[in-house]
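> Task: produce atomic coordinates for the following.
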Amino acid sequence: MRVHFFSRINSDYQAAFRSYNTIQNLRTVKTVSLIYFLLNISLRFIVTLYHIPIQNISHYDEFNNANLISSLITPVFYLACILLIKQYERNKPQAYLSQFLVLLFALFIMISCIRVTFFAMHNPRNTLVMYLMGTIIAGMFFTFEYFETLILAALAGAFFAMALPYYQTGTTEIIMNNFASLVLLTVFYCMSRFSFSYRADNFLKLRAIEEKNIEIETASRLKNEILGIVAHDLRNPLTAIMALSSIMQDDDSINEDNQENLQMIRTSCVKANAIINDLIETANNDKDGAFDIEEIELNQYLLKIVEEWSRSKLGQVEILYYGTEYPIFTHINVEKMQRVMDNLISNAIKFSGESERIEISLRDTNGQIFIDVKDFGMGIPEHLLPFIFDRFSKASRKGIRGEESVGLGLSIVKQIVEKHGGKIDVISTEKQGTTFTIHMTRVRNNIERQS
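Residues are numbered from 1 along each chain as shown. Got it, this is the predicted structure:
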């Protein structure tokens, strides 16, 4: 942390820091003035209520007058702060007036504490605690530039020096008291500058973080735009290659070796197209706001997905569905949730043997919906579990049949589920299987809706 004893912060941030601290200073004045007013009123109330015989105390009249003046002045500071803070909230700041008010209040606090020092004992040098308290309040609670701190110190010192002869007539005592005042004001200046430096350091760090966040958001948005454009433009040549390879495969003059090569081309195109779809989905999910949703009965929805996989995608892997005895309604984006289920089911197939099964179940507990996708395959190693939902995850592995993975599928699943207001978690044991569970909120009164 750089200590600004006689300097300001970087000129690029000077105006913003000044504006930020002025509003903070006004809020501090508002709070301190209210507390000080309540202290003055409480003191007067206690003296009156309990009939404390304070008339015999030295300087009672001066103390009484000072208490009365403070009780009248502090509400003025409080109300002025409220008005100036509202001006800031309306983007119509009264900067110079606000700074002057803060300086005036800090000086008022310091002078009030000096007054108490004079009233407390015959010799102020022997009881400078209140004077010290005033300097601590002004130095630590408020943020002043160095020249403002010097002005406060000079005015407080001048007030002390001018008021001192009324309580001390000895030359030696006047000199010693003024020296003690100078020491306190030096301490006040040092405290004020350290307080300023600490707040300036925090402000600059926050500004640096804000600027970096803006840069990151801009870079992320640009990345998504470029990713979307590139991925979209890659589809056209891939589609052309697939079409040409299909035409060539239909040609009877192509020998068996070339047929295998053409099949390899088509397979590679399918894989590349799947990767492009994942990239586009990731970019769209980052860019898009809330999904368009509709009310869906989940039993029928999930059963339809299971039937589609059973007809065309599962091969030898058996898939079972366990629903509820009554309808379960919720709000989802049909296409997006289809993508979630497809990813989870294809993952389950990828890591399951042909003789194994996959179980999909729907549960409803106290208004919470749970969709489980469970397999009994190779499972996920424990050290990889924390990373499976990461984008381009290092937990990505080849399937039992050598299926490649980019590491985007589960991150897309997590994105979509969270945009539905839900969450997804996983339980897995190696060589025993894996269960993904989606948590969502159902629409109320499902049973009544059916009836």
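> ok, which stretches of the stretch 251-400 of the chain are helices?
All helices of the stretch 251-400 of the chain, identified by DSSP state H, counting those that start in this stretch, fall at 256-287, 298-312, 334-350.
> On the three-state scheme, R44 is what?
helix (DSSP: H, G, I helix; E, B strand; the rest coil).
> If I follow the layout properly, it ends up in contact with N67?
Yes: with contact defined as C-beta atoms under 8 Å, R44 counts as touching N67 (6.0 Å). (C-beta placed from N, C-alpha, C; glycine too.)
> Neighbour count for the two, which is higher?
N67 (20 against 14; other C-beta atoms under 10 Å).
> If you count contacts, what does the biggest helix by length in the chain end up packed against?
As assigned by DSSP state H, the longest helix anywhere in the chain is helix 171-249. Helix 171-249 sits against helix 11-49, helix 129-141, helix 146-163, helix 256-287, with contacts defined as 3 or more C-beta pairs under 8 Å, 6 or more residues apart in numbering; DSSP states H and E.
> who wins for proximity to M341 among those helices?
helix 256-287 (14.2 Å; C-beta to C-beta).
> got the angle for that closest one vs helix 334-350?
Relative orientation of helix 256-287 versus helix 334-350 (axes from the mean of the first three to the mean of the last three C-alpha atoms, to 10 degrees): 130 degrees.
> now the helices and strands packed on helix 171-249 as JSON lines including distance to S245 and mean pLDDT?
Converted to JSON lines, the helices and strands packed on helix 171-249 look like this (distance: least, C-beta to C-beta, whole Å; pLDDT from 0 to 100):
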{"stretch": "helix 11-49", "distance to S245": "59", "mean pLDDT": "87"}
{"stretch": "helix 129-141", "distance to S245": "76", "mean pLDDT": "87"}
{"stretch": "helix 146-163", "distance to S245": "76", "mean pLDDT": "91"}
{"stretch": "helix 256-287", "distance to S245": "5", "mean pLDDT": "75"}
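> gap between L34 and R27?
11 Å (C-beta to C-beta, to the nearest Å).
> Tell me which helix or strand in this protein has the weakest average pLDDT.
helix 446-450 (a mean of 48; mean pLDDT, DSSP states H and E).
> quick one on the thing from earlier: quick one: average confidence on the longest helix of the chain?
For helix 171-249, mean pLDDT is 83.
> now do stretch 106-119
85.
> got the CA positions of that stretch in PDB?
The C-alpha trace of stretch 106-119 is given here as PDB (Å, rounded to 0.1, in the frame of the first residue of the first chain):
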ATOM      1  CA  ALA A 106     -15.200  17.500  11.100                       C
ATOM      2  CA  LEU A 107     -14.000  20.900  12.500                       C
ATOM      3  CA  PHE A 108     -17.100  21.200  14.600                       C
ATOM      4  CA  ILE A 109     -16.500  17.800  16.200                       C
ATOM      5  CA  MET A 110     -12.800  18.600  16.900                       C
ATOM      6  CA  ILE A 111     -13.700  22.000  18.400                       C
ATOM      7  CA  SER A 112     -16.500  20.300  20.500                       C
ATOM      8  CA  CYS A 113     -14.000  17.800  21.900                       C
ATOM      9  CA  ILE A 114     -11.500  20.700  22.600                       C
ATOM     10  CA  ARG A 115     -14.200  22.500  24.500                       C
ATOM     11  CA  VAL A 116     -14.900  19.500  26.700                       C
ATOM     12  CA  THR A 117     -11.100  19.300  27.300                       C
ATOM     13  CA  PHE A 118     -11.200  22.900  28.700                       C
ATOM     14  CA  PHE A 119     -14.300  22.300  30.700                       C
END
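> now that stretch, how far from the centre of its chain.
Stretch 106-119 sits 42 Å away from the centroid of its parent chain (C-alpha atoms, centre = their mean, to the nearest Å).
> Let me see the residues that make contact with it.
32, 36, 58-59, 62-63, 66, 70, 73, 77, 124, 127-131, 133-135, 137-138, 142, 144, 152, 155-156, 159-160, 163-164, 166-167 (C-beta atoms under 8 Å, 6 or more residues apart in numbering).
> returning to that earlier point: can I get the helices and strands packed on helix 171-249 in a markdown table including distance to V426?
Conversion of the helices and strands packed on helix 171-249 to a markdown table gives the following (distance: least, C-beta to C-beta, whole Å):
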| stretch | distance to V426 |
| --- | --- |
| helix 11-49 | 45 |
| helix 129-141 | 51 |
| helix 146-163 | 58 |
| helix 256-287 | 19 |
